[in-house]
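*Asks:* Need the 3D shape of this:
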Amino acid sequence: MDVVDAVVSVVGYWLLVHFVGGRPVIELGGRGAALREFSVGLAIGALLMSAVIAILALIGFYHVVDVGWSMGVVTDLGAGVSVGVAEEIFFRGILLRLRLIEGRLGTWWALAITSTLFGAAHLGNSHATVFGAVAIALEAGILLGACYLLTRRLWMAIGVHIAWNFVQGGIFGIGAGRGLIKARLTGPDLLTGGAMGIEGSVVAVVLCAASGLAVLVAVRRRGLIVPPCWRRPVQAALDSTQPA
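*Replies:* Numbering: from 1, shown residues only. Below is the predicted model:
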């Protein structure tokens, strides 16, 4: 049902924007670009999670206990798709795209606000901590927001989000269940994330935040940054918010 929930989220959002908002749903458009951007997002998410695990393994904090098929793979895939789609539609499709925020305050403030809200939303998770929420805002809020800003579509951000969640549990066995690998983490919470999960690891924060900043450099070079309203003519349209 998780995948069905994701489809319902996409269709529901499209119908709401198209018929109630009365505008083209450009953030779910792109035709040929959609598959390419989604695939790139999947690759980025998978590579980042693999890099985090590789570093933890190299310093002796990630330990493989067993390898083999588990239904946790299917469960984590479904959950990854459902959560990835729903959260990206809300935080990047609705909040970050809001002209009320970006149109008035500009891209940088809009990204900061939505990243902070994204981190705060995870305070409701089990074993959540303030440090963990800040970590998520810095690593995921910035990276996922940057992926949206680069394309002005949701596909890349959705791909990153799904792959990060799925590879973490479904492949490397980090979380409540197990995936293809049954593993355990040892070492200081600052490096492993502790009870908060791998998102609370400074290794994940550094890698993901650095990747997000790299994408933001590309966003700026493409001229896709919207300045705050007090730094541009009143008549200036938000042409730069349209997808490339």
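*Asks:* Quick one: residues contacting residue 12.
*Replies:* By CB atoms under 8 Å, 6 or more residues apart in numbering, no residues touch residue 12. Bear in mind the C-beta positions are built from the backbone N, C-alpha and C, glycine included.
*Asks:* so how far is residue 89 from it?
*Replies:* From residue 12 over to residue 89 the distance is 9 Å, taken as CB to CB, to the nearest Å.
*Asks:* What of residue 136?
*Replies:* 18 Å.
*Asks:* Compare these two (neighbour count), which wins?
*Replies:* Set residue 136 next to residue 89 and count neighbours by other CB atoms under 10 Å: residue 136 wins out with 26 against 22.
*Asks:* Confirm for me that that one is in contact with residue 119.
*Replies:* Yes. Proximity of residue 136 to residue 119 meets the contact threshold set by CB atoms under 8 Å, at 4.4 Å.
*Asks:* Can you give me the buried ones in the lengthiest helix in the chain?
*Replies:* With DSSP state H setting the assignment, residue counts place helix 32-58 as the longest helix in the chain. Of the residues in helix 32-58, 34, 37-38, 40-42, 44-49, 52-53, 55-56 count as buried by neighbour count, 16 or more other CB atoms under 10 Å.
*Asks:* Same question for stretch 129-142.
*Replies:* Neighbour counts over stretch 129-142 (16+ other CB under 10 Å) mark 129, 131-142 as buried.
*Asks:* Report how far apart the opening and closing residues of it are.
*Replies:* Chord length of stretch 129-142, first to last residue, is 19 Å (CA to CA, to the nearest Å).
*Asks:* who's in contact with it?
*Replies:* 91, 111, 114-116, 118-120, 122-123, 125, 161, 164, 193, 196-197, 199-202, 204-205, 207-209, 212-213, 216.
*Asks:* Among the residues you listed, which are located in strands?
*Replies:* Among the contacts of stretch 129-142, DSSP state E puts none in strands.
*Asks:* From the residues you listed, keep the buried residues only.
*Replies:* The neighbour-count criterion (16+ other CB under 10 Å) marks 91, 111, 114-115, 118-120, 122, 161, 164, 193, 196-197, 199-202, 204-205, 207-209, 212, 216 among the contacts of stretch 129-142 as buried.
*Asks:* Now, those that are in helices?
*Replies:* 111, 114-115, 118-120, 161, 164, 202, 204-205, 207-209, 212, 216.
*Asks:* In helices, which of the buried residues of stretch 129-142 appear?
*Replies:* 131, 132, 133, 134, 135, 136, 142.
*Asks:* can I get these in a markdown table with distance to residue 105?
*Replies:* Shown next, in a markdown table, are these (distance: CB to CB, whole Å):
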| residue | distance to residue 105 |
| --- | --- |
| 131 | 27 |
| 132 | 27 |
| 133 | 22 |
| 134 | 21 |
| 135 | 24 |
| 136 | 22 |
| 142 | 17 |
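*Asks:* Wasn't residue 184 part of a helix?
*Replies:* No. Assessed with DSSP: H, G, I helix; E, B strand; the rest coil, residue 184 is strand; it does not lie in a helix.
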